[in-house]
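Visitor: Next comes the sequence, and after it the predicted model I'd like to discuss.
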Amino acid sequence: MKVLWANANLRLKIGLIAMVFFLVLGFLVPLIPHVNPIIYNTFPKNLKVGMGGTLLGTTALGQDIFWLMVESLRNSILIGLIVGVIGTTVGVFIGLLSGFLGGFADRALMVLTDTFVVIPSLPILILMTSLMKGQAGIPVLALTLGLFAWAWPSRQVRAMALSLKERDFIQTAWFSGEGAVQTVFTEILPFVWTWALSNFMNAVLTAIASESSLAVLGLSPANLPTLGNMIQWSRERNAILLRQWNWIGPPVLLTIVLFIALFLLITGYNDYQTKKRGR
Amino acid sequence: MKAWKFIGLRLITWALVIFIGVTFVFFIPRMFPSDPVENMISRMTALSGSMDAIQVEALRRQLRVQFGLEGTLWEQYTTYLREGLFGFNFGPSLMNYPTPVGEIIARYLPYTLFLSVTAVIIAWTLGNLIGLLAGFRKDKRLSKILEGIAITIYPVPYFIVALVLQIVFGFLLGWFPMTANIMTTADTGVFIASLLRNSLLPAISLLLVGTGWWIISMKSLSASVSEEDYVQYARYRGLSERRIGASYVLRNSILSQVTALALSLGGVFNGSLITEIIFNYPGVGKLIQQAILSSDYNMILGTITISIIAIATATLIADLIYPFIDPRIRYS
């Protein structure tokens, strides 16, 4: 950890600090006892910042904005993390399989992958979530979003697998009697690992964005506070026209900062890895 | 001869992508327990108070035909492929009964195409030019500033950018309409003026997000091309920097950007849908939103099928252009 920090570039440092902030705000702060921000009228409506014992005031439905924001952040990150894990694991698996099997299996898998890369994901997500009628919970929503998270990584892992396959040390491993599974785990995965980590963060970003898009359509789970839903709820109640910036502002700002921070983390991490290889 | 093989392979991939995508769209609703016909009937009976059993049965049969739910799964599937995929016939729209779904989509689609195609072309051209400047002439102050802005805006989701622009330029400053209101029935001149005025803010928000990626990727591409020996050689020959940039660095790094453009179209389309909804812009995104609100399944299926065909075809076109600009490819 110390070595990482000493060699980290500015982007990576900013990204890491911001991520620690978001994780603390999303996962540790909610442990402090607080009111349930989903229940209506726990406070008087439309309180301004700092009024009535609240930090950021209340919504037009009398919900505490600060706690609503904290829970929204947690759920959004949670959805992002699950989708990231699904997309990266399945993507790496399919990519390695396709790259190493070759032949017909490879071609069939690639046609399927290309389809998922090319077809617009949002309309199909809309179709699926509109059938769920906003009843899905976090796991189902994450699974649905995960359906489109594996294709791009598997394309890239396949390309890596194709070039790794021809390297001498893989041949050596084969001929020294290592099984296919062992070869993949001990020889290939270390190469894919770095890439997978940065892809994982990217998938988290995409998933949070997709969930917000569905929320704008009113298709995210109905009573689940997420950053997208919180923005949508405030929009539905005309928070813009009524200039309730303490309601619509926090989730918008939080989303912007979260996305820029994650992006800095990804590019910073990639640069760090490139430099490390160069040393 | 080999040219035909290349085109043939691309066409097969194109057909396969559409086929798999559309098959997927057909089977998803049938995997869910929710039955659109029963939903409609329960809503109707709730509205009208009471209906007698014979009426309900007749209605059920009629609705099943309209939703394409009559017959075995295989029959439904082939009917959907024949009617929907080849005939663009998705049955009547339920929210605008009995206007056919295809006719309504045909009315909304041009707006989405106008918005997204313009945004994609401008973003791609502008982004690559700025990226070229940033990668080829790293010292330029302007390119650094533009790159900084791009990196800041690029990761932010489309709808947040649209929302912020709407609040700042639509509501607070009042420079542009907050929600689109295009005078479709007015004279051509008035129509075009209102179209441009209402499309500007949605287009800018698509541009802001879209340009960022092209700047970032073009910068790294042109930076690595600039290190090549042939660029150094061109310098020794005394060619101007402008000439080197345009005919050596640009030509060699733009190639992979064309492939990337083809692969990015799906994402741009997603962004366009959301942007339309935020600005109430009368495109396919708005149509999908209305269809969801009124549970118009024929319309949802229709718009999604058309979207898949449109994106796959746009990708095919971008793919087919590639060999014309890359002299190294000899269709092998």
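Guide: On my side now, so go ahead. Computed from a predicted structure; not experimentally measured.
Visitor: Now for the spatially closest residue to B:Tyr322 that is not a sequence neighbour: which residues touch it?
Guide: Distance criterion CB to CB, 6 or more residues apart in numbering or on different chains; nearest residue to B:Tyr322, sequence neighbours excluded, is B:Val258 at 5.4 Å. The C-beta positions use only the backbone N, C-alpha and C, and glycine is treated the same way. When the contact criterion is CB atoms under 8 Å, 6 or more residues apart in numbering or on different chains, the partners of B:Val258 are B:318, B:321-322, B:325.
Visitor: hey, where'd the helices end up in the chain?
Guide: Since no chain was named, I'll use chain A. In order along the chain, chain A carries the following helices (DSSP state H): A:2-7, A:10-23, A:65-101, A:103-118, A:121-132, A:138-146, A:151-165, A:168-175, A:180-183, A:189-216, A:227-236, A:245-278.
Visitor: Switch to chain B, please.
Guide: B:2-31, B:36-48, B:53-66, B:73-79, B:87, B:101-136, B:141-153, B:158-165, B:188-226, B:229-236, B:241-243, B:251-279, B:284-293, B:297-325.
Visitor: Could you export those as JSON lines, including mean pLDDT?
Guide: Listed next are the helices of chain B as JSON lines, based on pLDDT from 0 to 100:
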{"stretch": "helix B:2-31", "mean pLDDT": "82"}
{"stretch": "helix B:36-48", "mean pLDDT": "70"}
{"stretch": "helix B:53-66", "mean pLDDT": "77"}
{"stretch": "helix B:73-79", "mean pLDDT": "83"}
{"stretch": "helix B:87", "mean pLDDT": "76"}
{"stretch": "helix B:101-136", "mean pLDDT": "88"}
{"stretch": "helix B:141-153", "mean pLDDT": "80"}
{"stretch": "helix B:158-165", "mean pLDDT": "89"}
{"stretch": "helix B:188-226", "mean pLDDT": "85"}
{"stretch": "helix B:229-236", "mean pLDDT": "85"}
{"stretch": "helix B:241-243", "mean pLDDT": "81"}
{"stretch": "helix B:251-279", "mean pLDDT": "83"}
{"stretch": "helix B:284-293", "mean pLDDT": "86"}
{"stretch": "helix B:297-325", "mean pLDDT": "82"}
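Visitor: Of all these, which one is nearest A:Gly50?
Guide: When these are compared by CB to CB, helix B:158-165 sits nearest A:Gly50, at 24.5 Å.
Visitor: Quick one: residues in contact with that closest one.
Guide: Counting contacts by CB under 8 Å, 6+ apart, the residues touching helix B:158-165 from outside are A:209, A:212-213, A:216, A:231, A:235, A:252, A:255-256, A:259, B:153, B:201-202, B:204-206, B:208-209, B:270-271, B:274-275, B:277-279.
Visitor: Now list the buried members of these.
Guide: Restricting the contacts of helix B:158-165 to buried positions leaves A:209, A:212-213, A:216, A:231, A:235, A:252, A:255-256, A:259, B:153, B:201-202, B:204-206, B:208-209, B:270-271, B:274-275, B:277-279, with burial counted as 16 or more other CB atoms under 10 Å in any protein chain shown.
Visitor: got the contact list for residue 259?
Guide: In the absence of a named chain, this looks at chain A. Taking CB under 8 Å, 6+ apart, we find A:Phe259 in contact with A:205, A:208-209, B:155-157, B:160.
Visitor: wrong one, chain B
Guide: Residues in contact with B:Thr259 (CB under 8 Å, 6+ apart) are B:318-319, B:322.
Visitor: Neighbour-wise, give me the winner out of the residues you listed.
Guide: If you count neighbours using other CB atoms under 10 Å in any protein chain shown, the busiest of the contacts of B:Thr259 is B:Asp319, which has 20 neighbours.
Visitor: That one reaches B:Arg10, doesn't it?
Guide: Yes: between B:Asp319 and B:Arg10 a contact is recorded at 5.4 Å, counting by CB atoms under 8 Å.
Visitor: now the residue nearest in space to the middle of chain A, nearest residue through space, not along the chain?
Guide: Ranked by distance to the mean C-alpha position of chain A (CA atoms, centre = their mean), the top residue is A:Val204 at 1.4 Å. If you skip the residues right next to it in sequence, A:Val204 has A:Gly80 as its closest partner in space, 3.8 Å away by CB to CB, 6+ apart.
Visitor: Let me see the contact set for the one you found.
Guide: Under the criterion of CB under 8 Å, 6+ apart, the neighbours of A:Gly80 are A:203-205, A:207-208, A:211.
Visitor: what do you get if the cut-off is 7 Å, keeping everything else the same?
Guide: Applying CB atoms under 7 Å, 6 or more residues apart in numbering or on different chains, one finds that A:Gly80 lies in contact with A:204, A:207-208.
Visitor: Repeat that for B:Leu94.
Guide: Contacts here follow CB under 7 Å, 6+ apart; on that basis B:Leu94 touches B:294, B:296, B:298.
Visitor: Throw the residues you listed into TSV and include distance to chain A and neighbour count, thanks.
Guide: Shown next, in TSV, are the contacts of B:Leu94 (distance: CB to the nearest CB, whole Å; neighbours: other CB atoms under 10 Å in any protein chain shown):
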residue	distance to chain A	neighbour count
B:Ser294	11	14
B:Asp296	10	24
B:Asn298	12	23
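Visitor: Pretty sure A:Ile14 sits against A:Leu264.
Guide: Yes: in this structure, A:Ile14 sits in contact with A:Leu264. The criterion is CB atoms under 7 Å, and the distance is 5.3 Å.
Visitor: Look at these two and report which has more neighbours.
Guide: The residue with more neighbours, out of A:Ile14 and A:Leu264 and counting by other CB under 10 Å, is A:Leu264; that gives 24 against 16.
Visitor: Can you read off the pLDDT for that one?
Guide: Per-residue confidence at A:Leu264 stands at 88 (pLDDT).
Visitor: That one touches A:Arg11, doesn't it?
Guide: Yes: A:Leu264 lies in contact with A:Arg11 (CB under 7 Å); the separation is 4.5 Å.
Visitor: near chain B, which residues of the stretch 1-150 of chain A show up?
Guide: Those residues of the stretch 1-150 of chain A that sit near chain B, judged by CB under 7 Å from any CB of the partner chain, are A:111-112, A:114-115, A:117-124, A:126-128, A:130-131.
Visitor: what about A:Ile188, distance to A:Phe259?
Guide: As judged by CB to CB, to the nearest Å, A:Ile188 and A:Phe259 stand 32 Å apart.
Visitor: just A:Gly103 next, same as before
Guide: A:Gly103 sits at a distance of 41 Å from A:Phe259 (criterion: CB to CB).
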